[in-house]
Every structure is written in structure tokens, then in C-alpha cells.
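# below: sequence and its predicted model.
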Amino acid sequence: MKNASCEKVHPKLCSRNTFAKYTAIFSLFLLGNIHSAEAALNCTVSQTGSWAGGYQLDVKVTNTGTAIKGWAVYLHYAQNAVITGSWNASILGSGSKKITATNVSFNGNLASGASATFGLTGSSSAGFVLPTCTSQQNSSSAQSQSSRASSNASSTLSSVASSQASSKSNSSASSRMDVLNVNFQSRAAGSYTAQQLFTDFKNVDRTWSDGIDEGRAKIVLDGSNKALRVTYPANIFGPANGGVQFVVPFVKSYPELYFSYRVRFANGFNFVKGGKLPGLTGGLAPTGCTSGAGGFSARNMWRTNGAVAQYMYFPLKINACGDDYYYTNNGVTQHFTTGTWQTLEHRLVMNTPGKRDGVIQAWMNGSLVLDVRDFQFRQGNDNFGIENLYFSTFFGGNGQDWAPLSQQYADFDDLIVSEHPISH
């Protein structure tokens, strides 16, 4: 019996047996090419965060040889290393001096000159020494991918069609339908009232807010633009008496959303030890050093000297008061610049309950600064999604050493929640 699809390729390959034989030979040819590739990998390790008893590392692996289908990185510590969290890699060896990190499903293929990055957190004592690294091709991953060579041929057509559809979707971002889009151009300069809040953020929870009735929010002129200015009183930490907070529930639960806003810290803003910034939440929306079970919160946070982090509460968090995922670019921790408008955007994709396949991505001024593809927002029985915008900004932390010694302020504008990319 003839094979119609193969006849278009070569008439001599059109019997089932002959077609199968040549397919097998072609697969072996691919496998041989994969293993004969001259793999040449190098890696770099950067410390992007530190705190009492802990640290965060970013690791970059770069392929300087021919294309590969998998990689492995070995981190060599001076002392036994206890790894408390990781993303974008599978980690083995916690408790030993040699930590092994291998690619996950989406970042193993590296063309010549391409790179992949992953991150991890660990516990440390005084005198922490940055580990060195070595890297090599992950042959088990290459074999696994080569065994799928024949099925990949047909899936390529599907991928192309999907990519074209995706491109068409992204190209229509300028006409996207936003879940929420708030600027303050229609407001007169002066105090920002509860009634104005209710009008601008139509679904806002009207039963609770911090700082609006207390006069810590006002509209200010910025040339022809207007923005919302939040005041942080001197010697105050926490949300009750400093900054502004309110919650905007969405009309439905979403599996994926983007959130973008602009922020400008006053010239000479004193970041002290850190403070909160807006983000998305779902389920029980845990905050305040509570358990992360039954929900998540994904706010931003400024840290010492203005370092920028995604500040996460979720069921598997390591730290009682939330985990930081620092924003980095080429291994360098990103910092807020005072006196300048900066745009933050983050994307959340809910995981399959019980599986580590959720996504957190972030962009700062249009550049990708966080890319986590194996996040677990939900455990096996959870069914919540992305359900609220949480406008939350204050100094703290839970002690007086978080409080600024003088009054500070920051400006906010263009708060947008969308199902499509916004600022990049």
C-alpha cells in the first residue's frame, strides 16, 4: 500500500516497510549527530541577594560549541551547601559540597552561542564563599530528545502554526481588552478621596483601605501628566499608619494575567531595609508572615539600596515572611533609581494543581529580569486562580529598623491588568 505523504518526498520510499526502514536510518543518523556534537559549555555564578542566614544565586550556562539538547552544571562549594529553593533547573546534592543542576524541559536546547539561566536560594553562615562552577552536555537529555526525532517532524508544522497564531495575538496588544486600566489624568491636583478611588477602581473593596481617608494619597502634577503620590510618614513602618493599601477583586478568576505600573521614587528616597509595592493575589491571598497554604500573593518589594524583587507567598515558600525572587539582568541585581519613572510588569500563569509548571516572568523598563517556569502556586486540591489586584505600599518589615527617619514619597501611574503583554 502506498503512503501518500511519503510519495511527495521520494517514490522509492512509499511502501510501508521501506518507509519504516528509512525512518529508522534517519533517526539513527540524528542520534549519531547529537552525540558527535562538539559540546563546549561555560558557566558563571552571581550572587544576586543575601540576608541573615541565606543567599540567592543566578547561574548562567552558555554554549560556545555546536547545538546541544541538554546541559548539566556542577556548583562546587567550600562547605556543605543546603539548598532551600530553585527555579528553571533540577537540583540534586543538597547537603554536600557539590550541587548538580540539570536543564528542565523548556531550556535544554541551546544553539551555538545561546544561554540559559537558573536560580537558587540556600542557607548560609558567616563567611559564605561564592561557589565555582563547571558544566557539560547532559547526554541523558540528548538521548531522550533524539528518540523523539520522527515525531518532532510532524509537530514542527503544528509549532509553526501555533507561533504564527501567537504572533498575531501579540501584535493586537495595542487594541487589547484590559481587565483594569487606571491613570489619573481626569483628576484635579489635591487629596485623593475614597469616592475617587471607588470611581477609578470600579470593583475596589469599599469596606477596607489604608491611607486614603488618612490623607496619605494625593494627585500631583507632573508636567502635563498627573500621578498618584503616596506619602510614607517618618518613623513609621507597616501598613496601618504608613503608605496606602486597597484591594480590587476581579469579576472572575484568571489562569494567566499581566500587571504593569509605573513608579517614581522621590529624589534621595531612603529605601532603608525595604518596603512593599503592588501585585496580584489569589485564593486566601496570604501576607503578613502567615502560611502560604490556600492561596498566593505576588507583590513587588524594594530592598536595601532599592534592589527590586518579586515578593512571593505561596504554599511551598521557604521563609515564614515570604520569599524574594530578585530581578536580575545578565546576573546583575536590578535597583530602582530615584527621581526617575520606571515601569514594572509581571506575568503570572497558574500551575496545574500539584505540579511545578506555573510561570512568573517580570520586565523592568522593557527588559526581562525574571523568568521562572517551574513555579507551584497551587497544591493538589487547590482551584483558585488570579483574582485580585492588591495595591500595597509601605515600609516594612516588622520592626522599627525598617522605618524611614524622615518623610518619604513615591508616585504611581498607569496601573494596567491585562490578559496580554503590556509594556514589552
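Looks like it came in fine. Computed from a predicted structure; not experimentally measured.
# shouldn't residue 305 be within a strand?
No. Going by DSSP: H, G, I helix; E, B strand; the rest coil, the assignment for residue 305 is helix, not a strand.
# tell me the contacts of it?
271, 335 (CB atoms under 8 Å, 6 or more residues apart in numbering). In this view, the C-beta of every residue, glycine as well, is placed from N, C-alpha and C.
# pLDDT score for it?
Per-residue confidence at residue 305 stands at 97 (pLDDT).
# which residue ranges of this structure form helices?
Under the criterion DSSP state H, the chain contains helices at 4-7, 16-36, 139-146, 149-171, 194-200.
# what about the third one, average pLDDT?
Translated: helix 139-146. 50.
# and for the shortest one?
The average of the pLDDT scores along helix 4-7 is 38.
# what's the closest non-adjacent residue to residue 401?
In space, not counting the residues next to it along the chain, residue 401 is nearest to residue 273; the distance is 6.4 Å by CB to CB, 6 or more residues apart in numbering.
# how close does residue 341 sit to residue 304?
Separation of residue 341 from residue 304 (CB to CB, to the nearest Å): 22 Å.
# higher neighbour count, these two?
residue 341 (16 against 12; other CB atoms under 10 Å).
# residue contacts, the closest residue to the more buried one other than its chain neighbours?
Among residues not flanking residue 341 along the chain, residue 264 sits closest, at 4.7 Å (CB to CB, 6+ apart). Neighbouring residues of residue 264 by CB under 8 Å, 6+ apart: 227, 339-342, 410-411.
# who's residue 264 bridged to?
Beta bridges link residue 264 to residue 411, judged by DSSP bridges.
# do I have it right that residue 90 meets residue 102?
Yes. Counting by CB atoms under 8 Å, residue 90 does reach residue 102; the two are 4.9 Å apart.
# residue 229 is in contact with residue 184, correct?
No. Assessed by CB under 8 Å, residue 184 is found out of contact with residue 229, at 9.8 Å.
# give me every residue that touches residue 346.
By CB under 8 Å, 6+ apart, the contact set of residue 346 is 258-259, 279-280, 298, 300, 310, 360-363, 370.
# and with 7 Å instead?
Residue 346 makes contacts with 259, 298, 310, 360-362, as judged by CB atoms under 7 Å, 6 or more residues apart in numbering.
# the chain - how does it break down into domains?
For the chain, automatic domain parsing gives the domain ranges 1-36, 41-145, 178-418.
# which PyMOL command selects the buried ones in the contacts of residue 264?
With 16 or more other CB atoms under 10 Å as the criterion, this PyMOL line picks the buried residues out of the contacts of residue 264:
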select buried, resi 227+341+342+410+411
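# please flag which of the contacts of residue 264 sit within strands.
Within the contacts of residue 264, residues falling in strands by DSSP state E are 227, 342, 410-411.
# out of those residues, who's nearest residue 70?
Set against residue 70, the nearest of these by CB to CB is residue 342 (37.0 Å).
# pretty sure residue 347 is touching residue 258, no?
Yes. With contacts counted by CB atoms under 7 Å, residue 347 reaches residue 258, the gap being 4.9 Å.
# what comes up buried for stretch 199-213?
By neighbour count on 16+ other CB under 10 Å, the buried set for stretch 199-213 is 200-201, 204, 209-212.
# now the end-to-end length of it.
End-to-end distance of stretch 199-213: 15 Å, with CA to CA, to the nearest Å as the criterion.
# and for stretch 253-270?
First residue to last in stretch 253-270 (CA to CA) measures 37 Å.
# swap in stretch 277-297?
OK, stretch 277-297 end separation, CA to CA: 12 Å.
# run through who's touching stretch 98-105.
With CB under 7 Å, 6+ apart as the test, stretch 98-105 has contacts from 59, 70-77, 81, 83, 88-93, 116, 118, 138, 141, 374.
# which among these count as buried?
Judged by 16+ other CB under 10 Å, buried ones among those: 59, 70-75, 77, 81, 83, 88-89, 91, 93, 116, 118, 138, 141, 374.
# chain center to stretch 384-399: distance?
16 Å (CA atoms, centre = their mean, to the nearest Å).
# tell me the mean pLDDT for it?
For stretch 384-399, mean pLDDT rounds to 97.
# got the buried residues for that stretch?
384-397.
# in strands, which of those residues appear?
Of the positions in the buried residues of stretch 384-399, 386-393 sit in strands, assigned by DSSP E.
# of all those residues, which comes closest to residue 109?
Closest to residue 109, out of all of those and judged by CB to CB, is residue 386, at 29.6 Å.
# test my guess that that closest one contacts residue 258.
No. Using CB under 7 Å, residue 386 is not in contact with residue 258; the gap is 10.1 Å.
# how many residues are close by residue 407?
By other CB under 10 Å, neighbour count at residue 407 equals 14.
# pop out the phi and psi values for the nearest residue to it once chain neighbours are set aside.
Leaving aside its sequence neighbours, residue 407 sits nearest to residue 234 (CB to CB, 6+ apart; 4.9 Å). Main-chain torsions, residue 234, degrees, to the nearest 10: phi -60, psi 140.
# so who does residue 234 touch?
Counting by CB under 7 Å, 6+ apart, residue 234 has contacts 404-407.
# give me the pLDDT value at it.
98.
# what sits against residue 235?
By CB under 7 Å, 6+ apart, residue 235 lies in contact with 403, 405.
# beta-bridge partners for residue 62, please?
residue 42, residue 115.
# mind listing what it touches?
The contact partners of residue 62, taken as CB under 7 Å, 6+ apart, are 41-42, 115.
# just the buried members of those residues?
Neighbour counting with 16+ other CB under 10 Å marks 41, 115 as buried within these.
# which stretches in the stretch 101-250 of the chain count as strands?
For the stretch 101-250 of the chain, the strands defined by DSSP state E, counting those that start in this stretch cover 115-123, 132-137, 178-182, 190-191, 217-222, 225-232, 244-254.
# who touches the fifth one?
In this case it means strand 217-222. 184, 187-192, 211, 226-230, 244, 411.
# at 10 Å instead, please
184-194, 196-197, 209-211, 226-231, 243-244, 246, 264, 341, 391, 393, 409, 411-413 (CB atoms under 10 Å, 6 or more residues apart in numbering).
# check which residues of that strand are buried.
Result for strand 217-222 [16+ other CB under 10 Å]: buried residues 217-220.
# cool, and stretch 92-109?
By neighbour count with 16+ other CB under 10 Å, stretch 92-109 contains the buried residues 93, 99, 101-104, 107-109.
# then stretch 333-351?
So for stretch 333-351, counting by 16+ other CB under 10 Å, buried means 333-336, 338, 341-351.
# thank you, goodbye.
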